[in-house]
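Novice: Below is the structure, and that's it, no one-letter string:
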């Protein structure tokens, strides 16, 4: 069975590359990038051999590597078809041979090669003496097997979730994790430089060296220091962790192969009646209906939800992290309004081919105005409180309470300008958002997306230039005592810009309904 599963893994890889030349090119480029990073990591660890903090770096890298193996299946469940064992549920397979075969098949690929090289480099960096070399021979494969088993156990335990709609929602949030992780790494690197370098991580490494699979690298370091009992204990701990993961994986496979899923049994819980209390909070007529539909997209559509969560997170991370690093400015709080204002762009793209239903209800510029106004109001229900919250938090962290009213006024003016230009871009440069996969633009429409978003952002910046010029003038003339007037001025300017933009774009929207429907139906 092991040989068959390995051949199956190779066949899946080979057939996937045969689908298109673009897929082959993307795969080759990604493999080349991974191999380049692998070579640089391995070279760095080799050069670190003999350094006082080599074991600390190796232990931390191994722990981060294991974390990546645990998290990656949650965001890319469809990246490897063999991660879904339910595809084999109809075959007469026993759990133990299946676990062995899938474990060996999991060692085929670029990911395991990267793990092997990093584990070997970490072990070499921490090794000192023949005893450490002997322990490293055992520690490296033990580390690789533990990482692979961890990924398999996590995938098997959550495969029902990952193949559902909620799992697809989780998958499209991978970009958010990357964005937050990049900011955390940047923040940690700066803090590390001011805290005394790698030596500040020694206490963390002392804890991680007792957690598998980092404990295997800790065993290499302990053997090099002559602590053979400690090295044996850490190796046994890693082996025990591997055995525990295989046991959990086996039980998850047994449960998946023998228990029915939601498609074969009826729901056990009684049907709950919807109260509709949230709908009663919205206005009557077309405005309330469109607002409810827009908010429902934000809550239920995977791509829309991912875009909103990413904007909400980055809009808070940028000003807060810069404030924590001591390099921030209270004006960075306007970043939240900018990120949230982007959600107004390509409003019709989220409707996809169902936009024809919306188009059937628009018979005049007045109908188009009501449609766009309701969508803008739905966005304002989220953006105004959130932009205010980010501004208050940033101001509190920097202690610049005197600038609170001024920054709020600038944020509201920028938000209104982006809603106005977003409505115009939605009517003039609509594009389709594919429902499947990770792409947010249909093939052939990337140029439309760039023009819509970046052109609209430049236009929004020019549109709110009067408020910005007033702010600069007040500071240049030393009239800081009057900066509070920017709050009502910015709010009024943003409101006027929004509704004027909606009025101007309504006739164009009503006249371009067939073109908009064609553009958003290509995904």
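Specialist: Structure's in. What do you need? Predicted model only: the values in this text are computed from it and were never measured.
Novice: Which parts of the stretch 201-350 of the chain are helices?
Specialist: 202-208, 214-224, 228-258, 277-280, 285-300, 302-324, 334-341 (DSSP state H, counting those that start in this stretch).
Novice: Mind checking the ones you listed for the one nearest to residue 396?
Specialist: helix 302-324 (9.2 Å; C-beta to C-beta). C-beta here means a position set from N, CA and C on the backbone, and glycine is covered the same way.
Novice: For the closest one, buried residues please.
Specialist: 302-323 (16 or more other C-beta atoms under 10 Å).
Novice: avg pLDDT for that helix?
Specialist: Averaging pLDDT along helix 302-324 gives 81.
Novice: cool, and stretch 283-295?
Specialist: Here the average pLDDT along stretch 283-295 is 86.
Novice: got the contact list for it?
Specialist: Stretch 283-295 is contacted from outside by 278-279, 282, 361, 367, 370-371, 373-375, 377-379, 381, using C-beta atoms under 8 Å, 6 or more residues apart in numbering.
Novice: now, which of the residues you listed sits nearest residue 517?
Specialist: residue 361 (12.9 Å).
Novice: Chain neighbours aside, what residue packs nearest to the closest one?
Specialist: Leaving aside its chain neighbours, residue 361 sits nearest to residue 367 (6.5 Å; criterion: C-beta to C-beta, 6 or more residues apart in numbering).
Novice: what's the burial count for the one you found?
Specialist: 16 (other C-beta atoms under 10 Å).
Novice: For it, list the residues it contacts.
Specialist: 286, 361, 510.
Novice: next one: residue 85
Specialist: Residues in contact with residue 85 (C-beta under 8 Å, 6+ apart) are 98, 102, 156, 159, 253, 256, 257.
Novice: how about 7 Å then?
Specialist: By C-beta atoms under 7 Å, 6 or more residues apart in numbering, the contact list for residue 85 reads 156, 159, 253, 256.
Novice: Secondary structure element holding the first one?
Specialist: Secondary structure assigned from DSSP states H and E places residue 156 in helix 130-157.
Novice: could you give the angle of that helix to helix 214-224?
Specialist: Orientation check (axes from the mean of the first three to the mean of the last three C-alpha atoms, to 10 degrees): helix 130-157 against helix 214-224 gives 170 degrees.
Novice: Now find how far off-centre helix 130-157 is within its chain.
Specialist: Centroid separation for helix 130-157 versus its chain: 28 Å, with C-alpha atoms, centre = their mean, to the nearest Å.
Novice: Give me the mean pLDDT for it.
Specialist: 89.
Novice: how close does the closest residue in space to residue 291 that isn't next to it in sequence get to residue 296?
Specialist: Spatially, and ignoring its direct neighbours in sequence, residue 291 is nearest to residue 378 (4.2 Å; C-beta to C-beta, 6+ apart). For residue 378, the distance to residue 296 (C-beta to C-beta, to the nearest Å) stands at 10 Å.
Novice: who's more crowded, those two?
Specialist: Higher neighbour count among residue 378 and residue 296: residue 378, with 23 against 13, using other C-beta under 10 Å.
Novice: could you say which helix or strand contains that one?
Specialist: helix 365-398.
Novice: what ranges of the stretch 251-400 of the chain fall below the confidence cut-off?
Specialist: By pLDDT under 70, the low-scoring segments of the stretch 251-400 of the chain are 259-280.
Novice: how about the contacts of residue 85 in TSV, adding neighbour count and distance to residue 387?
Specialist: Putting these into TSV (neighbours: other C-beta atoms under 10 Å; distance: C-beta to C-beta, whole Å) gives the following:
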residue	neighbour count	distance to residue 387
156	25	42
159	21	39
253	26	48
256	18	45
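Novice: Can you tell me which of those lies closest to residue 344?
Specialist: Among the contacts of residue 85, and counting by C-beta to C-beta, the member closest to residue 344 is residue 159, at 37.2 Å.
Novice: what's the neighbour count on residue 37?
Specialist: 13.
Novice: Tell me which residues touch it, please.
Specialist: Residue 37 makes no contacts at all, as judged by C-beta under 7 Å, 6+ apart.
Novice: Relative to residue 114, how far out is it?
Specialist: In terms of C-beta to C-beta, residue 37 sits 8 Å off from residue 114.
Novice: do residue 379 as well
Specialist: 42 Å.
Novice: neighbour-wise, which of the two wins?
Specialist: residue 379 (25 against 18).
Novice: Would you agree that one is in contact with residue 345?
Specialist: No - applying C-beta atoms under 7 Å as the test, residue 379 and residue 345 come out as separate, 10.8 Å apart.
Novice: thinking again about what came up before, please identify which pair of the contacts of stretch 283-295 lies farthest apart.
Specialist: The most widely separated members of the contacts of stretch 283-295 are 278 and 367, with 24.7 Å between them, by C-beta to C-beta.
Novice: Taking helix 365-398 as reference, get the angle to the host helix or strand of residue 510.
Specialist: Taking DSSP H and E as the criterion, residue 510 maps to helix 486-511. Helix 486-511 and helix 365-398 meet at an angle of 150 degrees, taking the same axes, to 10 degrees as the criterion.
Novice: Report the mean per-residue pLDDT for helix 486-511.
Specialist: Helix 486-511 comes out at a mean pLDDT of 91.
Novice: How far does the following helix or strand past it sit from its chain's centre?
Specialist: Sequence-wise, the next helix or strand downstream of helix 486-511 (DSSP H and E) is helix 513-520. The chain centroid and the centroid of helix 513-520 are separated by 30 Å under C-alpha atoms, centre = their mean.
Novice: okay, the angle between helix 513-520 and helix 486-511?
Specialist: 100 degrees.
Novice: Give the buried residues for helix 513-520.
Specialist: 513, 516, 517, 519, 520.
Novice: Pretty sure the last one sits against residue 347.
Specialist: No - when contacts are counted by C-beta under 7 Å, residue 520 is not listed as touching residue 347 (9.8 Å).
Novice: ok now do residue 101, which residues does it touch?
Specialist: Contacts of residue 101 by C-beta under 7 Å, 6+ apart are 1, 2, 5.
Novice: so is it in a helix, a strand, or just coil?
Specialist: helix (DSSP: H, G, I helix; E, B strand; the rest coil).
Novice: Tell me how far it lies from residue 157.
Specialist: From residue 101 to residue 157 the distance is 19 Å (C-beta to C-beta).
Novice: What's the local residue count around residue 97?
Specialist: Neighbours around residue 97, by other C-beta under 10 Å: 12.
Novice: give me the element it is part of.
Specialist: In the assignment (DSSP H and E), residue 97 maps to helix 95-106.
Novice: residues of that helix that come out buried?
Specialist: Those would be 95, 98, 99, 101, 102, 103, 104, 105, 106, for helix 95-106 by 16+ other C-beta under 10 Å.
Novice: Which single one of those residues is nearest to residue 500?
Specialist: residue 106 (58.7 Å).
Novice: That closest one and residue 155 touch, don't they?
Specialist: No - contact status for residue 106 versus residue 155: not in contact, 9.9 Å apart, counting by C-beta under 7 Å.
Novice: ok, so what distance separates residue 229 from residue 122?
Specialist: Counting by C-beta to C-beta, the separation of residue 229 from residue 122 is 22 Å.
Novice: cool, residue 344 as well?
Specialist: 48 Å.
Novice: Compare these two and say which is more crowded by neighbours.
Specialist: In this view residue 344 and residue 122 are compared by other C-beta under 10 Å, and residue 122 has more residues nearby, 32 against 27.
Novice: Got the confidence number for that one?
Specialist: On the pLDDT scale, residue 122 gets 91.
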